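Undergrad: could you work out the structure for the sequence below:
(chains A, B, C and D)
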Protein chains: 2
Amino acid sequence: MTATTDQDAALRIAAGRKPFVEPLRLGERLKEIRLAHQWTLEDVSQRTGLARSTLSKIENDQISPTFTAVQKLINGLGIDLPQLLSPPRVQPRSMGRRDLTRRGEGQRHPTPTYEHELLSCELAQKRMIPFKTIVRARAFDEFSEWVRHDGEEFLMVLDGEILLYTEYYEPLALASGDSIYFDSAMGHALVSVSDADAVVLSVCTRGESST
Amino acid sequence: MTATTDQDAALRIAAGRKPFVEPLRLGERLKEIRLAHQWTLEDVSQRTGLARSTLSKIENDQISPTFTAVQKLINGLGIDLPQLLSPPRVQPRSMGRRDLTRRGEGQRHPTPTYEHELLSCELAQKRMIPFKTIVRARAFDEFSEWVRHDGEEFLMVLDGEILLYTEYYEPLALASGDSIYFDSAMGHALVSVSDADAVVLSVCTRGESST
DNA sequence: AAACCTCGTTTCCTATAGTGAACAGCGCAT
DNA sequence: ATGCGCTGTTCACTATAGGAAACGAGGTTT
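TA: Residues are numbered from 1 along each chain as shown, chains lettered A, B, ... in the order given. Sure thing, here's the model as predicted:
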């Protein structure tokens, strides 16, 4: 209950986190998009209202654009932000791909309440997002708000026992081996109730963008 | 300046693009998150490395943060960018469905080589098909032909050890906790190699081109 | 080959984002 | 009350992003 405890825990987690966002080759990505459309800097300038020089500097990582600048970009280029940030690796070929993840070798992605391990992150352009999660949260009020995202989610408890809070239902106890499928636009949150932190496997659908 | 803006607008309209993107109340959103966690500006400052004053101004929309600042925010707060940008996100359509399956209570569906247990079969119209499988096969030649279906498949070994045969790759040994994601149009087949029959959890995508 | 073009980069200069310090407001303990 | 600690805001200054114009490298025309 004491906010300090939660705060301290969260701080520790935050401090130990790796910088998983930092590369963010925004300039590189912008250049890719521009060249893919065969646009010149002047074209993009006209579309976005940003100066040629500014665009050049952004592409060469000489400056870090303002958020308003980013908005002008996504506006003028007719793309959305995830598209601007998403890794460039595109593979139109959708036959025979595969992506192995050995136990514990996924890409870790900690948050104060969960410790995610993304499971097949080598593969872009996939329609499901699988990840294993250690549920660190112990009480519902550790969540500032509902977790919520488009699409559907399948979840199986691998270890321990959890309580699944959902926006429209009573909390549901799930033990090892139990599974559930739900619309993930409905707010949801997990807390561990077993002695050890529970481990769950989740698979989310990826929203198909309409462009 | 206004000339460029008008020109830009005209270009966008001519190109058939949507008008402006949402106002993007980033400051408001940040304040929501901060207060929801019961953090003070100082707390957030420590987490993100940004000055109190800067955070205050961002919250009150007095400045437009630099992209590096946004990165520090999402890093320090342990959230990702979509979460920072999409505050309200109300339910668009079918949502709130859920389908619970207790351990061992799925719909069984035996074959000579596999013993499937369909996991969330109450729910129609879902985009993923999850099922648990006991791999009875012990040798590859027990399969008359490749298993093959449209879409993609995610698979995690829950128990035992298997060999995954695929059309275009060498057989792959997978032990408990290992997982793999692959295009399921590529022929595939599982055999148990552990003493006990292995158990795997699979999730397949459902074909999207159905009318 | 010189005189354009057009593209991307670079050079100023200004506008503004980011910072530390000072400030005012509030609760709490002497 | 007075003082202390902590909050969020505002000020003054520095750092840096954004814009207009100059530059320099290729290409095309004469």
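Undergrad: any idea what sits nearest A:Val70, other than its immediate chain neighbours?
TA: Counting by C-beta to C-beta, 6 or more residues apart in numbering or on different chains, the nearest residue to A:Val70 once its immediate chain neighbours are dropped is B:Phe67, at 6.2 Å. (Each C-beta comes from the backbone N, C-alpha and C, glycine too.)
Undergrad: residues near that neighbour, how many?
TA: B:Phe67: 17 surrounding residues under other C-beta atoms under 10 Å in any protein chain shown.
Undergrad: with A:Val199 instead?
TA: For A:Val199, using other C-beta under 10 Å, the count is 20.
Undergrad: pretty sure it sits against A:Lys132.
TA: Yes. With contact defined as C-beta atoms under 8 Å, A:Val199 and A:Lys132 form a contacting pair (6.5 Å).
Undergrad: quickly list what's touching both of those two.
TA: A:Leu158 (C-beta atoms under 8 Å, 6 or more residues apart in numbering or on different chains).
Undergrad: partners of the one helix or strand A:Ser202 maps to, with directions?
TA: Here A:Ser202 sits within strand A:198-205, counting by DSSP states H and E. Note on strand A:198-205: by DSSP bridges, its sheet partners are strand A:128-135 (antiparallel), strand A:152-159 (antiparallel).
Undergrad: just so I know, which of those strands lies nearest B:Ser144?
TA: strand A:128-135 (28.3 Å; C-beta to C-beta).
Undergrad: and that closest one, what's buried?
TA: Residues of strand A:128-135 classed as buried by neighbour count (16 or more other C-beta atoms under 10 Å in any protein chain shown): A:Met128, A:Ile129, A:Pro130, A:Phe131, A:Lys132, A:Thr133, A:Ile134, A:Val135.
Undergrad: touching that strand from outside, list them.
TA: By C-beta under 8 Å, 6+ apart, the list of residues contacting strand A:128-135 reads A:106, A:109, A:113-120, A:158, A:160, A:162, A:190-192, A:197-206, B:128, B:152, B:154, B:156, B:179, B:181, B:203, B:205.
Undergrad: repeat that for 7 Å
TA: With C-beta atoms under 7 Å, 6 or more residues apart in numbering or on different chains as the test, strand A:128-135 has contacts from A:106, A:114-120, A:162, A:190-192, A:197-206, B:128, B:152, B:154, B:179, B:181, B:203, B:205.
Undergrad: cool, stretch A:152-165 as well?
TA: Against stretch A:152-165 from outside (C-beta under 7 Å, 6+ apart): A:135, A:140, A:171-184, A:188-194, A:196-205, B:120, B:126-128, B:130, B:201, B:203.
Undergrad: sorry, back to before: out of the buried residues of strand A:128-135, who's nearest A:Gly78?
TA: Distances from A:Gly78 to those, taken by C-beta to C-beta, are shortest for A:Ile129, at 25.3 Å.
Undergrad: please produce TSV containing the strands paired with strand A:198-205, extended by mean pLDDT and distance to A:Thr40.
TA: Listed next are these as TSV, based on pLDDT from 0 to 100; distance: least, C-beta to C-beta, whole Å:
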stretch	mean pLDDT	distance to A:Thr40
strand A:128-135	92	36
strand A:152-159	94	42
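Undergrad: need those strands in a markdown table with distance to DNA strand C, can you?
TA: Formatted as a markdown table, the strands paired with strand A:198-205 follow (distance: least, C-beta to the nearest atom of the strand, whole Å):
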| stretch | distance to DNA strand C |
| --- | --- |
| strand A:128-135 | 31 |
| strand A:152-159 | 35 |
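Undergrad: so which of these is nearest DNA strand D?
TA: strand A:128-135 (28.8 Å; C-beta to the nearest atom of the strand).
Undergrad: which residues does A:Glu115 contact?
TA: Contacts of A:Glu115 (C-beta under 7 Å, 6+ apart): A:Arg108, A:Thr133, A:Ile134, A:Arg136.
Undergrad: centroid residue for chain A?
TA: A:His109 (8.9 Å; C-alpha atoms, centre = their mean).
Undergrad: quick check: it touching A:His116?
TA: Yes. Counting by C-beta atoms under 7 Å, A:His116 is a contact partner of A:His109 at 4.2 Å.
Undergrad: which stretches of chain A form helices?
TA: Using DSSP state H, the helices of chain A run over residues A:3-16, A:26-36, A:41-48, A:52-59, A:67-77, A:81-85.
Undergrad: using PDB, write down the CA coordinates of the second one.
TA: The C-alpha coordinates for helix A:26-36 follow below in PDB (Å, rounded to 0.1, in the frame of the first residue of the first chain):
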ATOM      1  CA  LEU A  26      14.500   7.600 -37.500                       C
ATOM      2  CA  GLY A  27      16.700   9.400 -40.000                       C
ATOM      3  CA  GLU A  28      17.500   6.300 -41.800                       C
ATOM      4  CA  ARG A  29      13.900   5.300 -41.800                       C
ATOM      5  CA  LEU A  30      12.800   8.600 -43.200                       C
ATOM      6  CA  LYS A  31      15.300   8.300 -46.000                       C
ATOM      7  CA  GLU A  32      14.000   4.900 -46.800                       C
ATOM      8  CA  ILE A  33      10.500   6.100 -47.100                       C
ATOM      9  CA  ARG A  34      11.500   9.000 -49.100                       C
ATOM     10  CA  LEU A  35      13.500   7.100 -51.600                       C
ATOM     11  CA  ALA A  36      10.900   4.300 -51.800                       C
END
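Undergrad: okay, angle between that helix and helix A:41-48 too, please.
TA: 100 degrees (axes from the mean of the first three to the mean of the last three C-alpha atoms, to 10 degrees).
Undergrad: which parts of helix A:26-36 are buried?
TA: With burial defined by 16+ other C-beta under 10 Å, the residues of helix A:26-36 counted as buried are A:Leu26, A:Gly27, A:Arg29, A:Leu30, A:Lys31, A:Ile33, A:Arg34.
Undergrad: same for that helix, what does it pack against?
TA: helix A:52-59 (3 or more C-beta pairs under 7 Å, 6 or more residues apart in numbering or on different chains; DSSP states H and E).
Undergrad: kind regards, and thank you for your time.
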